[in-house]
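Chemist: got a structure for you, letters missing:
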C-alpha cells in the first residue's frame, strides 16, 4: 500500500510540475502570442503585400475572439497554422511551440553536426537489368551530405540507368539538391536563384569541378508522390525542366518557397518562407501546383513502372544482341503478375 501511495504521489507530482511548466493561456497571453507571430510574419514573409494583409486579417480574427478557445500553446499554434495556410496557400508556413534547446547549444554554427549513419539514404543498390536505385528521405546541408552522397554515387556508378526515389522525401537544403544534380550532368549547369524579400538573389548551380563519378548520359527516372515536399520536389522539377529525367508517379505537394523558423514572443515560433525560387530555364517554380509527372501513376506502382521503363529504354539503346536478349528475359520476369498470398 505504501509503495502504491508513493507511486501515486510521484505521478501527481509530475502532473503538477507539467502543469506548472505549461504557460497559462489567458486572454492576455493569447493576444501577446498572436500579435508576436503576426508582427514577425509581416516583417519577414517574402511576398510583402501578402505579408501585410495576412497579418492584418489574423489580428482582426484575434480581436473578434477567434483564438479565445485555445487550450494550450500547441493548440493555438495549430489554429494559426491553419489560418495562415487559408490566407496564403503556402505549405511552408508553420507555427509551433519551440523545442527546448540544449544548454550552450547554438543554431548558427557552421561546424559539421553528427550525421545519422544512413544520412537519410533509404536504399542504394543495383537491381535486375543493371538499374541503380537511390532512395533519399531528405536533403541535409552539403557539409553534412557530401561524403555520404559521394559514396552512394560511387556505388551506383556501374549502373546503366538510375531510379531516384523521392516519394518520401521531405526536402531540406537546396545546396544539396544542386550537389546531387552535379552527379547527373556532364558539365556545370545553372539551376535556380533564390530571390529574397528585398530582391537580392543567391544563384545555385552545379559545382564548377564536376565529381569524378558524374554521368550525364545514362537515363534517369525520378519517382514522386503527393508527399514529395519542398526540395524533394525541386529535384524532379529541375531535372524535368532540363529534360534530363522522366518523372513517374503522382503530382507533388507544391511547396517551393524556402525559409526558416523565427522566434515569436515567449510561447511560439513560426517558420516563414523569406524567399522564392526562380528556375534558370523557365523562370518558374512548383509552388502551389506541384510537379506534374511525365508518367502519371499511383505512388505504390511508380517503382515497378520505372523499372520496366528503364529496361525498355536499355533494350532500345543496346546494340549487343546477347545483352538485349538478357534484358528481354528480365523484363518478362518483371511483367509477371504479383502473386498474392
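Modeler: Structure's in. What do you need? Just so it is clear, the model here is predicted, and its values are computed rather than measured.
Chemist: Ramachandran coordinates for residue 226?
Modeler: Dihedral pair for residue 226: phi -70, psi -10, per degrees, to the nearest 10.
Chemist: Could you do residue 28 as well?
Modeler: phi -70, psi -40.
Chemist: Distance check, it against residue 57.
Modeler: 22 Å (Cβ to Cβ, to the nearest Å). Glycine gets a C-beta too; all of them are placed from N, C-alpha and C.
Chemist: Likewise for residue 79?
Modeler: On the measure of Cβ to Cβ, residue 79 and residue 57 end up 14 Å apart.
Chemist: Which one of these two is surrounded by more residues?
Modeler: The neighbour count for residue 79 versus residue 57, taken as other Cβ atoms under 10 Å, is higher for residue 79 (18 against 15).
Chemist: which SS state does the more buried one fall under?
Modeler: helix (DSSP: H, G, I helix; E, B strand; the rest coil).
Chemist: Surely residue 72 touches residue 33?
Modeler: No: judged on Cβ atoms under 8 Å, residue 72 makes no contact with residue 33 at a distance of 11.2 Å.
Chemist: okay, those two: which has more neighbours?
Modeler: Under the neighbour definition other Cβ under 10 Å, residue 72 and residue 33 were set side by side, and residue 33 has more, 25 against 14.
Chemist: Tell me which helix or strand the more buried one sits in.
Modeler: Taking DSSP states H and E as the criterion, residue 33 maps to helix 27-44.
Chemist: can you pull out the helices in this structure?
Modeler: Secondary structure of the chain (DSSP state H): helices located at 2-21, 27-44, 48-63, 73-88, 142-156, 174-181, 231-241, 299-317, 321-335.
Chemist: what is the orientation angle of the fifth one with helix 174-181?
Modeler: Here helix 142-156 runs at an angle of 20 degrees relative to helix 174-181 (axes from the mean of the first three to the mean of the last three Cα atoms, to 10 degrees).
Chemist: picking up where we left off before, contacts for the helix holding residue 33, please.
Modeler: Outside of helix 27-44, the residues within contact range by Cβ atoms under 8 Å, 6 or more residues apart in numbering are 23, 51-52, 54-56, 58-59, 62, 67-68, 70, 73, 76, 80, 84, 93, 95, 197, 259, 262-268, 270, 272, 274.
Chemist: so where's the stretch 51-200 of the chain uncertain?
Modeler: Applying pLDDT under 70 to the stretch 51-200 of the chain flags the ranges 101-118.
Chemist: same thing but at 50, please
Modeler: Scanning the stretch 51-200 of the chain for pLDDT under 50 picks out 104-117.
Chemist: and the residue lying closest to residue 139 once chain neighbours are set aside, what does it touch?
Modeler: Of all residues beyond its chain neighbours, the one nearest residue 139 is residue 172 (3.3 Å), with distances taken as Cβ to Cβ, 6 or more residues apart in numbering. If a contact means Cβ under 8 Å, 6+ apart, then residue 172 has 138, 139, 140, 141, 230, 231 as its contacts.
Chemist: sorry, back to before: please produce a PyMOL select command covering the buried subset of the contacts of helix 27-44.
Modeler: In PyMOL syntax, the buried subset of the contacts of helix 27-44 is picked out as below (16 or more other Cβ atoms under 10 Å):
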select buried, resi 51+54+55+58+59+62+67+70+73+76+80+84+93+95+197+259+262+264+265+267+268+270+272+274
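Chemist: For residue 248, which of the helices of the chain is the nearest?
Modeler: Across the helices of the chain, residue 248 has its closest neighbour in helix 299-317 (4.9 Å, Cβ to Cβ).
Chemist: Let me know the average pLDDT across that closest one.
Modeler: The pLDDT scores in helix 299-317 average 97.
Chemist: Stretch 326-341 now?
Modeler: Stretch 326-341 comes out at a mean pLDDT of 77.
Chemist: what does stretch 212-222 give?
Modeler: 95.
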